[in-house]
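In: My questions are about this predicted structure, shown below with the sequence.
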Amino acid sequence: MRTPIVLAAAALTLAGLTACSSTGSGTTTEATAAGDGKITVAATDTECKVAKSDLAAGTSTFSITNNGSKVTEFYVYATGDRVMGEVENIVPGLTREVVVELPAGVYETACKPGMTGKGIRGPLKVSGEHKPLTGDAKLAEAVASYKRYIKSQSDTLLDKTKEFTEAVKAGDVAKAKELYPVARTYWERIEPVAEVFGDLDPAIDARENDVPDGEEWTGFHRIEKDLWVKKDVGGDGPIADKLMTDVNTIVTKAATVDLSPVQLANGAKGLLDEVATGKITGEEDRYSHTDLWDFDANLQGSKAAVQALRPVLEERDAELVKTLDAKFADAENALAAHRSGDGWKLHTDLSKDDLRALSDAINALAEPISKVASVVAR
Amino acid sequence: MSKGISRRRLFGLGAASVAAVGAGAVVTRSFAEEPVAHAASASDPVSFYGPHQAGVTTPAQDRLHFVAFDVITKNKADLVELLQEWTAAAARMTQGKDAGTFGAVGGAPEAPPDDTGEALGLPASGLTLTVGFGPSLFDERFGLGDRRPPALADLPAFPGEDLQPEISGGDICVQACAHDPQVAVHAIRNLARIGFGKVSVRYSQLGFGRTSSTSRAQATPRNLMGFKDGTNNLKLEDTAMLRDHLWAAPGDGPAWMDGGTYLVTRKIRMHIETWDRAPLAEQEAIFGRDKGKGAPLTGHGEFDAPDFAKKGPDGTPVIAGNAHVRLAHPDAHGGARLLRRGYNFVDGSDGLGRLDAGLFFMAYQRDPRKQFVPIQRMLSQKDALNEYIKHVSSGLFACPPGVTDGGDYWGRTLFA
């Protein structure tokens, strides 16, 4: 399905498209269309009641209240799970809002209690006037769409990194261990953007053997080693502070970075390369063995970039889109076999055959993804 | 938009400069007559098309890259499409061209090249690509069960073998042989890449120093034990014997294999270090041949027929009852012969200070049940050589007949 979009070029700036805010209200909200035009969403661990399933084209505000016991997320998806808007990390009792600009078309809403899986889906129909866009505008919209994704991920990255570093500074090893793979998820989804700022990526994410002689090893993996090997983060206060500062800096920079459609395509490929070289082998999280969290995050990040480009790809190479859909599904299914609760099995729990199957699925997906850049550049 | 560049043309090596070296045998796509056209010099291309696949009777090249794939797609149409893509790439690469039509440097700058590029500037180097289908391909996945040739019966267990499943078997094999290792590796690498998502590399093996000659024009090479190997091999020139012992004939089994052949592979690890400590006389007694010339212990020249009845002054046979040449000889198996096409391998060392080395044995034949199996059964029970070797992998493949022309593809007779 093509999604023509009503957007003036000036509206393609990031700020206007998606905005989240927390009201902190703990009151239970029935799913009704509120008088202020907001569409309420009542989320529980098993339900996702969206007040309206039929909207007019344009800007809509969804107000999501989490009445369940698990942290949840809310998404509006276009075909192929292209993220049109999302809000993450809605803790039980909290209400958060998201503003989404939707052209006419067929969409899906989803709540993800426990922040995993495909979520609880519901249909969403948007109708109204629209003007067709030129090819260039479609590419611009692809970039804008991906920037929305970056924004939502960076917001949560900040929150989760804060929780993680605070646990480290408090010396709470158990809590820090629990938060480590969660905070990294948001990092790993948008890592290609982070890598644009060369010097910060190593400060945040270097492995011990990446650090040149004489330089200090900082970032996630330094703390990971202390958590899992030393089992003591008593001396890691400054490291935790630096990590928080570096993540803050990178998020600020990411909000202003100019991305080209080709960069998007190469980012999608880059994330799968990360999986192939670092996660399949268990090198990334060599102390915690939580590589599958990163694997999943890389896969999702790659998919978000590809789906942002989807309208352009469908117009230029529909066959490639079909292949990508099928291979993404295969890779997700291959990974899903290793779920454990709301998280993942440890890398060390996977057999050689398991890892080979995952490697095959990533290779199968990465080959068609490597063709996206040239299609976009046409 | 076709920018297919011959690697040789790209780098200005005229065909004439190469042909001058050889005996003037011009490689063409004519394949009416056996033997198949073969390269006049080490850099020339070998014809890809013909009634039989190249890489069997083709005079053995110096280098091997062998690969076995597991098919991971469940879709038969995907598999057939892959075989067609592979055939097109193989036809190009064996002629010294890039794997894809745009090539290593001819495509869009934003796209990954459709050839990996490490063979740019290298001639065809006698590259042959030979495909085979393993017994596991005939399971329930693709509905090929009733097309499995009886001759593709699983090999029995042999005494003393220590097979590792992860380097044994496979749904599809491709043997790449060339005079330049980089050309052979390039070919397998590009085929594996084309196959991502449809097949997965199960194992691959590099080999060097062909251990058999498959033409009378070739000198008999030596294996890593230092002995000439394959003196009595089936050769390109033995037309009648090739017909009787190598190619599957109408009536042998399913018609799709007519003109095909069966390949058995065995990775044979040699206990190099203990062998090197064995006295010369023991080494020669084990093989039943003289180490220098390769002559049987009862003769003077390499090609003298061994006299198995001859006794020494002490009344015992000159060629011992458990000598390799006696047990492997066609006389011991009702005339059964193999076309051996093996290669030496050294996969580095084994962490215990020993070379991880030996022979990657490959033998083509008309029916393994009547050829490899009885021969190996006898060898595995009696061969004096067993003290110094261990079979660590096993593969069995039905290699279909040759690709006739540009409209044909690997395995068409099986899938059509």
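Out: Received the coordinates, thanks.

In: And the residue of the stretch 51-200 of chain B closest to chain A?
Out: As assessed by C-beta to the nearest C-beta, chain A sits closest to B:G197 within the stretch 51-200 of chain B, at 2.8 Å. The way it works is simple: take the backbone N, C-alpha and C, and place the C-beta from them, glycine included.

In: is it true that that residue touches B:T73?
Out: Yes: the criterion here is C-beta atoms under 8 Å, and B:G197 meets it with B:T73 at 7.0 Å.

In: higher neighbour count, the two?
Out: Per other C-beta atoms under 10 Å in any protein chain shown, whichever of B:G197 and B:T73 has more neighbours is B:G197, with 24 against 19.

In: Let me see the contact set for the more buried one.
Out: A:K327, A:D330, A:D360, A:N363, A:A364, A:L365, A:E367, B:I72, B:T73 (C-beta atoms under 8 Å, 6 or more residues apart in numbering or on different chains).

In: most neighbours, which of the residues you listed?
Out: Greatest neighbour count in the contacts of B:G197, by other C-beta under 10 Å, goes to A:L365: 31 neighbours.

In: so where does that residue fall, helix or strand?
Out: A:L365 is part of helix A:352-369, with elements assigned from DSSP states H and E.

In: gap between the following helix or strand past that helix and the chain center?
Out: Downstream of helix A:352-369, the next assigned helix or strand under DSSP H and E is helix A:372-377. Centroid separation for helix A:372-377 versus its chain: 22 Å, with C-alpha atoms, centre = their mean, to the nearest Å.

In: A:T245: neighbouring residues, count only.
Out: The burial count for A:T245: 12, using other C-beta under 10 Å.

In: ugh, wrong one, B:Q84
Out: Residues near B:Q84, counting by other C-beta under 10 Å: 16.

In: check which helix or strand covers it.
Out: Taking DSSP H and E as the definition, one finds B:Q84 inside helix B:76-94.

In: repeat for B:G197
Out: If you go by DSSP H and E, B:G197 is not part of any helix or strand.

In: Next one, pLDDT for it please.
Out: Looking at B:G197, its pLDDT stands at 94.

In: how far away is it from A:K151?
Out: According to C-beta to C-beta, to the nearest Å, B:G197 and A:K151 sit 33 Å apart.

In: if we can go back for a sec, the helix holding A:L365 vs chain B: in contact?
Out: Yes: shown here: helix A:352-369 in contact with chain B (C-beta under 8 Å from any C-beta of the partner chain) through A:R356, A:S359, A:D360, A:N363, A:A364, A:L365, A:A366, A:E367.

In: Dump the residues you listed into a markdown table; add pLDDT as well.
Out: As requested, those are exported to a markdown table (pLDDT from 0 to 100):
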| residue | pLDDT |
| --- | --- |
| A:R356 | 92 |
| A:S359 | 92 |
| A:D360 | 93 |
| A:N363 | 90 |
| A:A364 | 93 |
| A:L365 | 94 |
| A:A366 | 91 |
| A:E367 | 90 |
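
In: got these as CSV, with distance to B:D180 columns?
Out: Listed next are the residues of helix A:352-369 next to chain B as CSV, based on distance: C-beta to C-beta, whole Å:
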residue, distance to B:D180
A:R356, 30
A:S359, 29
A:D360, 30
A:N363, 27
A:A364, 30
A:L365, 33
A:A366, 29
A:E367, 27
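
In: What is the nearest of the residues you listed to B:I268?
Out: Closest to B:I268 out of these is A:R356 (25.6 Å), distances taken as C-beta to C-beta.

In: show me what contacts the closest one?
Out: Contact analysis of A:R356 by C-beta under 8 Å, 6+ apart lists B:S200.

In: for B:F287, same thing?
Out: Applying C-beta under 8 Å, 6+ apart, the residues contacting B:F287 are B:M225, B:F227, B:A323, B:H324, B:V325, B:L385.

In: Could you check the pLDDT of the third one?
Out: Looking back up the chat, that one is B:A323. Predicted confidence (pLDDT) for B:A323: 96.

In: wait, what's in contact with it?
Out: Counted by C-beta under 8 Å, 6+ apart, B:A323 has contacts B:A285, B:I286, B:F287, B:G288, B:L297, B:A384.

In: now do 7 Å
Out: B:A285, B:I286, B:F287, B:G288, B:A384 (C-beta atoms under 7 Å, 6 or more residues apart in numbering or on different chains).

In: now the residues you listed in a markdown table, with secondary structure, pLDDT and distance to A:L158?
Out: Output for the contacts of B:A323, formatted as a markdown table (DSSP: H, G, I helix; E, B strand; the rest coil; pLDDT from 0 to 100; distance: C-beta to C-beta, whole Å):
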| residue | secondary structure | pLDDT | distance to A:L158 |
| --- | --- | --- | --- |
| B:A285 | helix | 96 | 78 |
| B:I286 | helix | 96 | 73 |
| B:F287 | helix | 96 | 74 |
| B:G288 | coil | 96 | 78 |
| B:A384 | helix | 94 | 73 |
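
In: Compare those residues and tell me which is most surrounded.
Out: The residue in those with the most neighbours, by other C-beta under 10 Å, is B:F287 (27 neighbours).

In: how much space between the nearest residue to B:H271 once chain neighbours are set aside and A:T44?
Out: Among residues not flanking B:H271 along the chain, B:Y388 sits closest, at 5.0 Å (C-beta to C-beta, 6 or more residues apart in numbering or on different chains). Counting by C-beta to C-beta, the gap from B:Y388 to A:T44 is 71 Å.

In: Run the chain-centre distance for the helix or strand A:A137 falls within.
Out: For A:A137, the host element (DSSP H and E) is helix A:135-169. Centroid displacement of helix A:135-169 relative to its chain, using C-alpha atoms, centre = their mean, is 7 Å.
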